[in-house]
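[1] next input, structure requested:
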Amino acid sequence: MPPRPLPNSIEIGIVTTNMTEMRHFYGDTLGLKYQSELSFPGGVMHRYHLENSIIKLVSYDTPPAIEVIAGGGLAAKGYRYISMGMEGISAWFAELETMGVSIPVHVTPFADGIGFGFIADPDGNWIEVFGTL
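    From the prediction side, this is the model:
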């Protein structure tokens, strides 16, 4: 029998060689609350709250040999993007665009008052944003 999961806990690790820009994006641009820095043998992690989940920005002393495969779900198999639900995504996307954030897929309505779109972080990782328009 598998162990019981901890309640409301999903943590997503994003490996980067661009920590300064990534911290600015997730902390300042997206407005996620900074939790802590965690050093470990061979690297460092910076943790950000996304409600009950954690986004972990990780860098290693020896950088990975392969770069990010940008392009979300259409670019490669495997874990390809994270999703976050927000209120008022149309106005937020307009604000993000003025800030120079890459928007590979603009807000697309798909139900009454609901939509989705994709933004990309400085490394090219896609983030789906869904919610009320």
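
[2] buried residues of the longest helix along the chain, list them for me.
    In the chain, with assignment by DSSP state H, the single longest helix is helix 89-98. The neighbour-count check on helix 89-98 (16 or more other Cβ atoms under 10 Å) flags 89, 92, 93, 96 as buried. C-beta here means a position set from N, CA and C on the backbone, and glycine is covered the same way.

[3] and for stretch 40-51?
    Applying 16+ other Cβ under 10 Å to stretch 40-51 flags 45, 46, 47, 48, 50 as buried.

[4] what is the last one paired to in the beta sheet?
    Think residue 50. Using DSSP bridges, the bridge partners assigned to residue 50 are residue 53.

[5] tell me if I'm right that it and residue 83 touch.
    No - if you go by Cβ atoms under 8 Å, residue 50 and residue 83 don't touch, sitting 10.2 Å apart.

[6] gap between residue 112 and residue 118?
    Distance from residue 112 to residue 118, counting by Cβ to Cβ, to the nearest Å: 21 Å.

[7] who's more crowded, those two?
    With neighbours defined as other Cβ atoms under 10 Å, residue 112 and residue 118 compare such that residue 118 has more, 22 against 6.

[8] what's the closest non-adjacent residue to that one?
    Take residue 118 and drop its neighbours on the chain: the residue closest to it by Cβ to Cβ, 6 or more residues apart in numbering is residue 105, 4.0 Å away.

[9] pLDDT averaged over whichever strand or helix holds the one you found - what is it?
    Using DSSP states H and E, residue 105 falls within strand 102-111. Averaging pLDDT along strand 102-111 gives 96.

[10] burial of the residue nearest to residue 118, as a residue count?
    15.

[11] contacting residues around it?
    Residue 105 makes contact with 72, 116, 117, 118 under the criterion Cβ atoms under 8 Å, 6 or more residues apart in numbering.
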